[in-house]
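Enquirer: sequence and predicted structure below; questions after.
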Amino acid sequence: MSEMTNVDVLIIGGGPIGLACGIACQKNGLTHQIIEKGALVNSIYHYPVNMTFFSTSDRLEIGDVPFISHNPKPTRQEALEYYRRVALHWKLNISLFDEVRRVERLTEGFSVHTAKSDYQAKYVIIATGFYDIPNLLNIPGESLDKVHHYYRDPHIYFGQKIVVVGAANSAVDVAMETWRKGADVTMVIRDQQIRESVKYWIRPDIENRINEGSIKAYFNANLVGIRENEVEIETAEGKQHVIPNDYVLAMTGYLPDFSFLYSMGIEIGGDEFRTPIHDPATMKTNVDGLYLAGVICGGLKTNKWFIENSREHADLIMADIINQRGVIRP
């Protein structure tokens, strides 16, 4: 057994909002520990290599550290550089590649056991995001190696017949980039059109490519089967289409880890988005001393919270903590 480390606040998740929570602790004289099971800002690291953010750089800033980018909307690489600089500037305590295995409620505070250490904390903040669990299609052949739920780089798809599933930003970005790098692209879209929420500077481009036939698209359709060298598509009229295929990129979104929330006693709402129960004024859950921050707050509505509109969660949580008995703001 490792020696128990005592901290005021333990933060689960080392993304931008987890870092913002650590900074809030530093500003208010509270000891903290951030636990991240992957790399620093792990979700951003796993974004497509050439990704550009929807938000401008100033909307991604945390900790009063300016984010200067070459263009108004920064790239993935610029964001990685920025958040590394933030972590160093604020001297945040971060344990990377360290997974939380168990969180136990004590009479006062929590006992948190990770792969590397054991901690006792007065408060726990969950800022885990939602990028780790793909929203599966649950169709035959989905387990084949040719099926990718994450997209990194277009090079391997050059000269290949690929199917992109989805009609939101990720799917459109993948379809456009792989097509421009020499892939034969077919989109399978269960709606009747490209989503209206797609980035305004990209939507006309994808629609024009579809209209001219450069990118093929099946609307009101579902992918129903995947085989080694082909896929099967079914339209709303019940028509079956079998087309040659080398790769499937299922850009169908991702899910929060509800089982992790359940394990800590957090209640999940009965609404269609399975929103975790929390007070939006303080971010406190039904478990005393346990808070949520960032996109995890939206449950299945993963497009509700972003970096730019959930940065304030850190300050809401800190305001609640410093007003509680036994915590004195310096």
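Expert: Looks like it came in fine. Since the structure is predicted, the reported quantities are computational estimates derived from the model, not experimental observations. Residues are numbered from 1 along each chain as shown.

Enquirer: what's the longest helix in this structure?
Expert: helix 76-89 (DSSP state H).

Enquirer: so what does the helix or strand following that helix touch, helix or strand wise?
Expert: Where DSSP states H and E defines the elements, the next helix or strand beyond helix 76-89 is strand 94-95. Strand 94-95 is packed against strand 32-35, with contacts defined by 3 or more Cβ pairs under 8 Å, 6 or more residues apart in numbering; DSSP states H and E. Every residue, glycine included, has its C-beta placed from N, CA and C.

Enquirer: just give me the residue closest to the centre of the protein.
Expert: The chain has Y131 as the residue nearest its centroid, 3.6 Å off, counting by Cα atoms, centre = their mean.

Enquirer: what kind of secondary structure is it in?
Expert: Classification of Y131 using DSSP: H, G, I helix; E, B strand; the rest coil returns coil.

Enquirer: wait, doesn't it sit right on L255?
Expert: No - using Cβ atoms under 8 Å, Y131 is not in contact with L255, being 9.5 Å away.

Enquirer: quick one: mean pLDDT over the longest helix of the chain.
Expert: Average pLDDT, helix 76-89: 98.

Enquirer: low pLDDT regions in the protein?
Expert: Along the chain, segments meeting pLDDT under 70 span 1-2, 325-330.

Enquirer: next, V103: secondary structure please.
Expert: Look at V103: counting by three-state DSSP, its state is strand.

Enquirer: beta partners of it?
Expert: V112 (DSSP bridges).

Enquirer: quick check: it vs F260, distance?
Expert: Applying Cβ to Cβ, to the nearest Å, the value for V103 to F260 is 9 Å.

Enquirer: the more surrounded of these two?
Expert: Using other Cβ atoms under 10 Å, the more surrounded residue of V103 and F260 is V103, with 22 against 16.

Enquirer: and the more buried one, how far is that from I268?
Expert: For V103, the distance to I268 equals 16 Å [Cβ to Cβ].

Enquirer: swap in I94?
Expert: 28 Å.

Enquirer: sec struct for the residue lying closest to R84 once chain neighbours are set aside, please.
Expert: Of all residues not flanking R84 in the chain, L40 sits nearest, at 6.4 Å (Cβ to Cβ, 6 or more residues apart in numbering). Three-state assignment for L40 (three-state DSSP): coil.

Enquirer: OK, contacts around L40?
Expert: L40 sits next to G14, L80, Y83, R84, A87, I94, L96 when contact means Cβ atoms under 8 Å, 6 or more residues apart in numbering.

Enquirer: G298 now?
Expert: Counting by Cβ under 8 Å, 6+ apart, G298 has contacts F273, T275, K304, W305.

Enquirer: among these, name the ones in strands.
Expert: Among the contacts of G298, the subset assigned to strands under DSSP state E is empty.

Enquirer: ok, of the residues you listed, which one's closest to E207?
Expert: Using Cβ to Cβ, K304 comes nearest to E207 of those, at 25.7 Å.

Enquirer: quick one, phi psi at the residue nearest to the closest one when sequence neighbours are not counted?
Expert: Nearest residue to K304, sequence neighbours excluded (Cβ to Cβ, 6+ apart): G298, at 3.8 Å. Dihedral angles of G298 (phi, psi; degrees, to the nearest 10) stand at phi -90, psi 0.

Enquirer: do you know how far G298 is from G109?
Expert: Counting by Cβ to Cβ, the gap from G298 to G109 is 27 Å.

Enquirer: swap in F97?
Expert: 25 Å.

Enquirer: who has more neighbours, those two?
Expert: G109 (20 against 11).

Enquirer: Three-state assignment for the closest residue to the more buried one other than its chain neighbours, please.
Expert: Leaving aside its chain neighbours, G109 sits nearest to K122 (4.5 Å; criterion: Cβ to Cβ, 6+ apart). Following three-state DSSP, K122 is assigned to strand.

Enquirer: so A250 touches G166, yeah?
Expert: Yes - between A250 and G166 there is a contact under Cβ under 8 Å: 7.3 Å.

Enquirer: residue contacts, the nearest residue to S111 once chain neighbours are set aside?
Expert: Spatial nearest neighbour of S111, chain neighbours left out: E104 (4.4 Å); criterion: Cβ to Cβ, 6+ apart. When contacts are counted by Cβ under 8 Å, 6+ apart, E104 touches F110, S111, V112, H113.
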